[in-house]
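[1] below is the sequence, then the predicted model.
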Amino acid sequence: MEKKVRVRFAPSPTGGLHLGGVRTVLYNYLFAKQHQGDFILRIEDTDQSRFVAGAEEYIYETLNWCGLEPDESPLKGGPFAPYRQSERKKIYREYAETLITDGYAYYAFDTSEELEVMRTSHRTETNPSPQYDHQTRMYMRNSLSIGSEGTEKLLTAKTPYVIRIKMPENEVLHLNDMIRGRVEFNTSLVDDKVLLKADGMPTYHLAVVVDDFLMQITHAFRGEEWLPSAPVHVLLWRYLFGEENMPAWAHFPLILKPDGNGKLSKRDSERLGIPIFAMAWTDPVSGETISGFREKGFLSEAFVNMLAVLGWNDGTEQEIYSLEELKEKFSIERVHKAGAKFNYEKAKWFNQEWIRKVSVDELSGLVRKIYNDQQVRIPDESYLRSVIMLIRDRCHLLPEFYTQGRFFFSAPKQWDLGALKPKWNVAKTSFFKSYSNAFGSISDWNALNLEMVFKELANSQGIKPGELQLPLRIMLVGEKMGPPVFEIASLLGKEESKKRINNLLDQTGDW
RNA sequence: GCCGCGUUGGUCAAGGGGUUAAGACGCAUCCCUUUCACGGAUGAAUCACGGGUUCGAUUCCCGUACGCGGUACCA
């Protein structure tokens, strides 16, 4: 009997959720869902000094936008509540003390100044960052170096302390990563990490294993940056709950900046003008806003799709996947080991694909919002939908529905005269006069008929129709862009088309 | 420095002892269209390096280089 799969995403609410974070959520979610398991959102807010107002709400909204709803969360509750670590504070101390009793951890009374002294005095060329470990711990002020009596004294005097894990010497630990296979560590090289901080809050290391155990997490997935501290977690599992009960691990590769090397960061967003957050994030203190994919005009389907295949593929040539399809086809084993550079151009391509794929219904709501923001009045829903169907193929980002389609809602006020004037003549003036006059006789107003009449008239007047198409386009659109010109006229309607032709004709006299 | 993880075109990547080393994005050229896109076609461009193992390594092993991550009372 297999245990029910339970995974968690455990962010620290300190700001916007960037690409890597959302991808971690996504992979967790996909894995859980394809195994009929639970996806838990746990808020790791153990560092009170890093509290950022609104960051937690931002996470909910992001998950909601992406369609990755947790089964249990601080907001939703669940059988293992609370899901906010700050509210679980009292739980952790007990485990830390058990560790001390069992000889796996100890009290440390060093002040931050003392730690600083140790780090500078032990610093050498070959060891630029000395650690609090088996080599140095006996020189520090802790229950190992000062004995139980001294410890008692300090404890009763209410001396601030932390609890540190006592890393064993020269033991080889290993971990079977679902992506990387067996990874080994020598415990001598790992420092005595703080487990419980002076304020009584646990560090990530303690909290993550205690909560993963208590919340019955079966698979623990996180970013690669956690791999180096994994031996601490393995040891904690061994000491507290039994290594055999430890969840299966997988460490995801990082998402790198598009140019150069290194982790994608907020700086890159500003520097390159590309979004890195799912949604715009405004820092409550500085007021500074970093734009997000949603605001740039991405469809959540495209965003999720793009993220899924950034570091994963199913071995076929398929690149476009819906969430449902991903649930079916995703597999941790096929996640790449190496980090991937983020490519914004490709991201836009995914969005373009999804703009064509998604229903007009869904698009119309989104596009309506964009037009509203631009103060464009939309006569009616069916007109909007027709415009959308006509221009969706040429849009990569949602805002392009405005730049590509605004002329459907208001007549051009200026024209690309440079494309017109040089080749203009009286024959063309009279052609357009007769063309717009002929509108009255077109009973079935559609692109095909419009084109037919256009061509017949042109031929009868001895002008090549091709030479007249561009002028017509400029009259209707104002510039050299847009869908097939008779489609435009057809949608615009008889009156409006006539009006726009006459608008320009009024000016040709001055040329 | 030390530890860990990586390394297939510019980018994302498939492949995994014998292949013309897929495909996508981007780029270039052409076609379509007397608009701009879309679409189609074609093209340039890749197995980090050095040793092994092998009849044969991009693929397996060992080094080296490079990159990234970690080295906090941050997660």
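    Right, received. Where do you want to start?

[2] contacts and neighbour counts: CA atoms only from here.
    Fine.

[3] residue A:86: what's it in contact with?
    A:44-46, A:201 (Cα atoms under 8 Å, 6 or more residues apart in numbering).

[4] how is chain A carved up into domains?
    A:6-83+A:254-344, A:86-252, A:359-408, A:417-508 (automatic domain parsing).

[5] in JSON lines: these, plus mean pLDDT and distance to RNA strand B.
    Output for the domains of chain A, formatted as JSON lines (pLDDT from 0 to 100; distance: least, Cα to the nearest atom of the strand, whole Å):
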{"stretch": "domain A:6-83+A:254-344", "mean pLDDT": "94", "distance to RNA strand B": "3"}
{"stretch": "domain A:86-252", "mean pLDDT": "96", "distance to RNA strand B": "3"}
{"stretch": "domain A:359-408", "mean pLDDT": "95", "distance to RNA strand B": "3"}
{"stretch": "domain A:417-508", "mean pLDDT": "93", "distance to RNA strand B": "3"}
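
[6] any chance of a markdown table for those, columns distance to residue A:352?
    Rendered in a markdown table, the data for these read as follows (distance: least, Cα to Cα, whole Å):
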| stretch | distance to residue A:352 |
| --- | --- |
| domain A:6-83+A:254-344 | 8 |
| domain A:86-252 | 27 |
| domain A:359-408 | 4 |
| domain A:417-508 | 17 |
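
[7] I'd like the contacts of residue A:86 as CSV, with distance to residue A:299 appended.
    Below are those laid out as CSV (distance: Cα to Cα, whole Å):
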residue, distance to residue A:299
A:44, 29
A:45, 30
A:46, 34
A:201, 40
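
[8] quick one: residue A:160 and residue A:154, what's the gap?
    Taking Cα to Cα, to the nearest Å as the measure, residue A:160 falls 8 Å from residue A:154.

[9] ditto for residue A:8
    Between residue A:8 and residue A:154 the computed distance is 39 Å (Cα to Cα).

[10] again with residue A:349
    Distance from residue A:349 to residue A:154, by Cα to Cα: 63 Å.

[11] and residue A:220, by the same measure?
    Look at residue A:220 and residue A:154: by Cα to Cα, they are 38 Å apart.

[12] neighbour-wise, which of these two wins?
    Neighbours per residue (other Cα atoms under 10 Å) separate residue A:220 from residue A:154, with residue A:220 holding more: 21 against 16.

[13] residue A:251: what secondary structure?
    Following DSSP: H, G, I helix; E, B strand; the rest coil, we place residue A:251 in the strand state.

[14] that one: neighbouring residues, count only.
    As a burial measure, residue A:251 scores 22 neighbours (other Cα under 10 Å).

[15] how about residue A:226?
    12.

[16] other SSEs contacting the host helix or strand of residue A:506?
    Element membership for residue A:506 (DSSP states H and E) is helix A:494-508. Other elements packing on helix A:494-508 under the criterion 3 or more Cα pairs under 8 Å, 6 or more residues apart in numbering; DSSP states H and E are helix A:426-438, helix A:465-477.

[17] can you add mean neighbour count and give those back as a markdown table?
    Listed next are the helices and strands packed on helix A:494-508 as a markdown table, based on neighbours: other Cα atoms under 10 Å:
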| stretch | mean neighbour count |
| --- | --- |
| helix A:426-438 | 16 |
| helix A:465-477 | 20 |
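
[18] and residue A:65, which of those is closest to it?
    helix A:465-477 (35.1 Å; Cα to Cα).

[19] chain A: strands as residue ranges?
    Along chain A, counting by DSSP state E, strands occupy A:6-9, A:38-41, A:105-108, A:162-165, A:172-177, A:181-186, A:194-196, A:219-223, A:248-252, A:255-256, A:281-282, A:289-290, A:340-341.

[20] tell me who's in contact with residue A:505.
    Residue A:505 sits next to A:429, A:432 when contact means Cα under 8 Å, 6+ apart.

[21] 10 Å instead, please
    Residues near residue A:505 by Cα atoms under 10 Å, 6 or more residues apart in numbering: A:428-430, A:432-433, A:475, A:499.

[22] try residue A:88
    A:46, A:81-82, A:201-202, A:207, A:211.

[23] please apply the same query to residue A:423.
    Residue A:423 makes contact with A:467, A:471 under the criterion Cα under 10 Å, 6+ apart.
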